[in-house]
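Trainee: could you work out the structure for the sequence below:
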Amino acid sequence: MANFLVDVAASGDNTIIAAPSVVGQFIRILSYHISALAPVTVKLKGGSTVKDVCYATTVAAGGIVVESMQDGVLDLPPNTAFIVNLSAGVAVGGAGNYVVKGPVQ
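Mentor: Next up, the predicted model:
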């Protein structure tokens, strides 16, 4: 298991985890949490495929938490990067855990 950090503020796509280099391998997100300094739509993507959409807001002590699941909460398409897409240039932070699986059989 590995960890990732989210520390982005640019609108559009922001690569968080590079795509696996072995053909057929994929990233499985096991858990994550995200918070933002202002309202923003956060899309979690595997390459160009949207896997989840979060509406992060500025509620005190607020944010989005998805607790760890052994079978993962998001499986990305093979050989794609994990991308956080922001609808606006807002500071967004967070972290999570992941594993690289595959190749898909």
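
Trainee: drop to CA atoms for contacts and neighbour counts, all remaining ones
Mentor: Noted.

Trainee: so which other helices or strands are in contact with the helix-or-strand element of the chain with minimal mean pLDDT?
Mentor: In the chain, no helix or strand scores lower on mean pLDDT, DSSP states H and E than strand 49-56, which sits at a mean of 80. Judged by 3 or more CA pairs under 8 Å, 6 or more residues apart in numbering; DSSP states H and E, the packing partners of strand 49-56 are strand 26-36, strand 40-46.

Trainee: for the residue nearest to the spatial centre of the chain, what are its contacts?
Mentor: Taking CA atoms, centre = their mean, the centroid of the chain lies closest to residue 44, which sits 4.6 Å from it. By CA atoms under 8 Å, 6 or more residues apart in numbering, the contact set of residue 44 is 50, 51, 52, 53, 54, 82, 83, 84, 85.

Trainee: so residue 63 touches residue 32, yeah?
Mentor: No: look at residue 63 against residue 32 with CA atoms under 8 Å: they stay out of range, at 10.7 Å.

Trainee: tell me which element residue 7 is part of?
Mentor: Residue 7 belongs to strand 2-8 when assigned by DSSP states H and E.

Trainee: same for that strand, what does it pack against?
Mentor: Secondary elements touching strand 2-8 (3+ CA pairs under 8 Å, 6+ apart): strand 12-17, strand 92-101.

Trainee: let's go with 7 Å and repeat that
Mentor: strand 92-101 (3 or more CA pairs under 7 Å, 6 or more residues apart in numbering; DSSP states H and E).

Trainee: what's the strand it packs on in contact with?
Mentor: 1-9, 25-37 (CA atoms under 7 Å, 6 or more residues apart in numbering).
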